[in-house]
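Participant: could you work out the structure for the sequence below:
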Amino acid sequence: MTGQEKHLQTHLWLVLVIVFAISFFVNNNALLPDIMESRNIITAREMVYDGHWMIPTMNGDLRLEKPPLPTWVTAFAEILKPDSLGMQRAMAGIAAVLLAVSFFLIGKRLFKNGRTAFFATLILCTCYDVVLLGRTASWDIYTHAFMLTGILFLIRAFESEKCSWSDFIMAGLFTGLSIMSKGPVSLFALLLPFLPVYFWFYPPKMSGKWKGIVATALIAIIVGGWWYAYIYLFNPDAMASVAAKESGNWASHNVRPWYYYWDFFLESGIWALLLLTAIFVPLWSWRERESKEYKFPLIWMLLSVVILSIPGEKKTRYLFPVMISASYLMGYLIEAWDDRFRKRQSVKAERIIFRINSGLLAAVTFILPAIIAIFALKPGYISVASFTILTIIILSVSIILAFSAIRYKPENMVAGVTILFLSAEILAMPSLREVVNNPEIHSIELTRNMQSLKNIPFYYNKDSELRIEEVYAAHRNIHAIDCSSVDSLRKALPFAILTHGTVASELTPEIFEYADTTFIDRYDNNSRPKGNRLNRPIFVYNLTLLTCKKDTIDIISTHHK
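Facilitator: Predicted coordinates for the structure are as follows:
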């Protein structure tokens with residue numbers, strides 16, 4: 001590598017480090033936790049405070065549906081900085097950085113072109129799904145980050161002249177860590193579609209490497225399977241029940257038709273048009289029809305969509321692995337355009353299609369300040385100073401994108417979108433907290449420091465559903481109780497109960513012969529504002545304290561103290 005090439009690589013890495021830092025860490029606590037995060041964090045808390053490290057629990061019940069590695073990481077964050085959502089999400093951000101770095105290094109190896117890998121990585125880090133999961137303390141980012149790193153070491157091992165034991169061992173280790181993060185999900189969604197396409201377009205020399213492959217498989221099974229074996233030995237009935245439930249979900253839970261993922265390109269967010277363009281490139285470019293660097297990510301991506309469409313259970317977030325191959329595809333197209341435009345070797349169709357892509361991005365960006373003014377500035381969610389700075393940046397990006405379209409500068413298009421994302425994450429995220437989160441939220445977390453509720457167990461009516469977000473906010477277990485059984489209620493006294501209606505309407509009348517009631521408060525734990533489809537009555541509860549009649553002395557004054 002020449003000095004100039006080293007200098008270029010240093011600059012590329014510097015830009016990527018800045019992008020990683022802002023994309024996955026800056027203002028990462030702006031949004032309230034969703035149900036997936038709540039489950040993971042509750043389980044992590046019970047590991048730390050109840051000691052349930054090997055046999056995880058959630059709200060006091062066994063939680064064996066997911067392997068514990070991401071929860072262990074979240075528990076480590078809880079130890080470092082208790083009850084810090086930002087720290088817990090930062091752990092997921094580290095996993096996202098691992099994924100992005102592995103992605104970049106794989107791209108350099110496959111495309112033999114650092115610029116293609118660089119453009120693809122910037123696109124990856126500005127895809128909606130990647131940004132979202134890199135800021136979410138759940139399982140998905142871990143399993144795919146470890147698997148992609150395992151794929152990197154597999155490629156290194158396959159490209160080696162001899163059997164590279166260190167690479168095969170590392171491939172097995174990271175594959176095992178992926179399994180320990182979410183079971184075989186990434187094996188199915190990422191590795192399975194990758195291997196046949198890789199062997200077709202980049203057939204490796206396998207002589208002397210079979211022992212290494214066997215070692216990779218054995219290490220992956222041991223690292224990924226030891227916890228399952230432990231649970232099977234010490235709690236076989238629970239493990240069998242969970243296995244039956246999880247396998248049944250694939251065929252009966254969230255069942256969607258086979259064509260449900262037809263609009264998978266929308267998961268790339270702002271790059272949806274570019275991804276569609278890249279998919280249909282062969283219709284107008286003969287060069288891509290002959291290029292394995294184009295066909296490899298295209299077929300990998302399409303095969304991923306087909307494989308993910310096979311199970312009955314489908315969710316849009318399951319498409320996350322597709323964004324990996326899709327980003328390579330778009331990165332290839334950007335570099336191909338850049339090369340041909342500079343050398344004046346492009347055809348008219350290429351120039352027109354590029355201008356449509358960059359021009360539409362410029363137009364959409366240009367109207368963003370007006371949208372922000374209506375929905376954020378006018379209601380007072382963003383300050384005038386922040387709005388002014390953000391508007392200047394957005395309009396500058398719009399100009400960059402417009403000149404990109406006029407002068408055929410694909411790299412400027414990627415740079416403009418990247419600047420737009422980074423600016424939004426720095427300046428708009430704090431305001432997004434006010435726009436997206438419920439300004440009238442009156443969370444049950446307010447009960448944490450109430451002396452009248454100290455050491456008082458919490459219950460909810462077993463005939464109604466309890467949202468796990470309530471357990472997260474209350475920072476304590478909340479168990480079901482039979483509100484029609486006076487014996488169950490008497491044995492539980494004293495306790496606090498969550499009801500959607502009044503206690504008189506939900507509890508058997510006989511209990512009031514034995515208990516006094518003290519209404520604590522009405523809590524609205526909706527994370528989204530009124531009018532939003534996610535704002536639902538199920539998140540609104542009345543909290544009432546029930547005590548034995550002989551023990552009710554000055555309850556109200558204690559509560560207010």
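
Participant: domain ranges for the protein, per the record?
Facilitator: 3-342, 348-436, 444-560 (automatic domain parsing).

Participant: how about those domains in a markdown table, adding mean pLDDT and mean neighbour count?
Facilitator: All C-beta spots, glycine's among them, are computed from the backbone N, C-alpha and C. Listed next are the domains of the chain as a markdown table, based on pLDDT from 0 to 100; neighbours: other C-beta atoms under 10 Å:
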| stretch | mean pLDDT | mean neighbour count |
| --- | --- | --- |
| domain 3-342 | 92 | 19 |
| domain 348-436 | 91 | 18 |
| domain 444-560 | 88 | 16 |
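
Participant: so how far is Leu361 from Val414?
Facilitator: 10 Å (C-beta to C-beta, to the nearest Å).

Participant: hang on, I meant Thr121
Facilitator: Counting by C-beta to C-beta - Thr121 and Leu361 are separated by 19 Å.

Participant: look at Ile456 and tell me its secondary structure.
Facilitator: Secondary structure for Ile456, judged by DSSP: H, G, I helix; E, B strand; the rest coil, is coil.

Participant: whoops, Ser138 was the one
Facilitator: coil.

Participant: element containing Pro82, please.
Facilitator: Under the criterion DSSP states H and E, no helix or strand holds Pro82.

Participant: ranges for the strands of the protein?
Facilitator: Secondary structure of the chain (DSSP state E): strands at 57-58, 61-62, 458-461, 478-481, 495-499, 515-524, 540-548.

Participant: name the strands paired with the first one and say parallel or antiparallel.
Facilitator: This points to strand 57-58. strand 61-62 (antiparallel) (DSSP bridges).

Participant: go on, the last one?
Facilitator: Using DSSP bridges, the strands paired with strand 540-548 in its sheet are strand 495-499 (antiparallel), strand 515-524 (antiparallel).

Participant: closest to Leu446 out of those?
Facilitator: strand 515-524 (7.3 Å; C-beta to C-beta).

Participant: contacts for the closest one, please.
Facilitator: 438, 440-444, 446-447, 450, 452-453, 489-490, 493, 496, 503, 539-549, 552, 555-556, 559 (C-beta atoms under 8 Å, 6 or more residues apart in numbering).

Participant: cutoff 7 Å now
Facilitator: 440-444, 493, 496, 503, 539-549, 552, 555-556, 559 (C-beta atoms under 7 Å, 6 or more residues apart in numbering).

Participant: before we move on, what about stretch 475-482?
Facilitator: So stretch 475-482 is contacted by 59-60, 445, 448, 458-460, 462, 466, 470-471, 488-489, 492, 498 (C-beta under 7 Å, 6+ apart).

Participant: which ones among those residues lie within helices?
Facilitator: 470-471, 488-489, 492 (DSSP state H).

Participant: now the residues you listed as CSV including distance to Pro410?
Facilitator: What follows is these, written out as CSV (distance: C-beta to C-beta, whole Å):
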residue, distance to Pro410
Glu470, 49
Val471, 49
Ser488, 68
Leu489, 68
Ala492, 66
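
Participant: out of the residues you listed, which comes closest to Phe76?
Facilitator: Distances from Phe76 to the ones in helices among the contacts of stretch 475-482, taken by C-beta to C-beta, are shortest for Val471, at 20.9 Å.

Participant: tell me who's in contact with the closest one.
Facilitator: 42, 59, 477-478.

Participant: how about the backbone phi and psi for the closest residue to Ala96 other than its chain neighbours?
Facilitator: Leaving aside its chain neighbours, Ala96 sits nearest to Gly134 (3.1 Å; criterion: C-beta to C-beta, 6 or more residues apart in numbering). Here is the backbone geometry of Gly134 (degrees, to the nearest 10): phi -70, psi -10.

Participant: wait, which of the strands of the chain is closest to Asp339?
Facilitator: So among the strands of the chain, strand 57-58 is nearest, using C-beta to C-beta, at 52.3 Å.

Participant: distance to Arg109 for the strands paired with strand 540-548 - can I get that in JSON lines?
Facilitator: JSON lines is the format used below for the strands paired with strand 540-548 (distance: least, C-beta to C-beta, whole Å):
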{"stretch": "strand 495-499", "distance to Arg109": "55"}
{"stretch": "strand 515-524", "distance to Arg109": "52"}
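
Participant: nearest to Ala272, of those strands?
Facilitator: strand 515-524 (35.5 Å).

Participant: sorry, back to before: surely the residue nearest to Ala96 meets Ser23?
Facilitator: Yes. If you go by C-beta atoms under 7 Å, Gly134 and Ser23 touch, sitting 6.5 Å apart.

Participant: contact partners for the closest residue to Tyr328 other than its chain neighbours?
Facilitator: For Tyr328, ignoring the flanking residues on the chain, the nearest one in space by C-beta to C-beta, 6+ apart is Pro297 at 3.8 Å. Pro297 sits next to 325, 328-329, 332 when contact means C-beta under 7 Å, 6+ apart.

Participant: apply 8 Å and report the result again.
Facilitator: For Pro297, counting by C-beta under 8 Å, 6+ apart, the contacting residues are 325-326, 328-329, 332.
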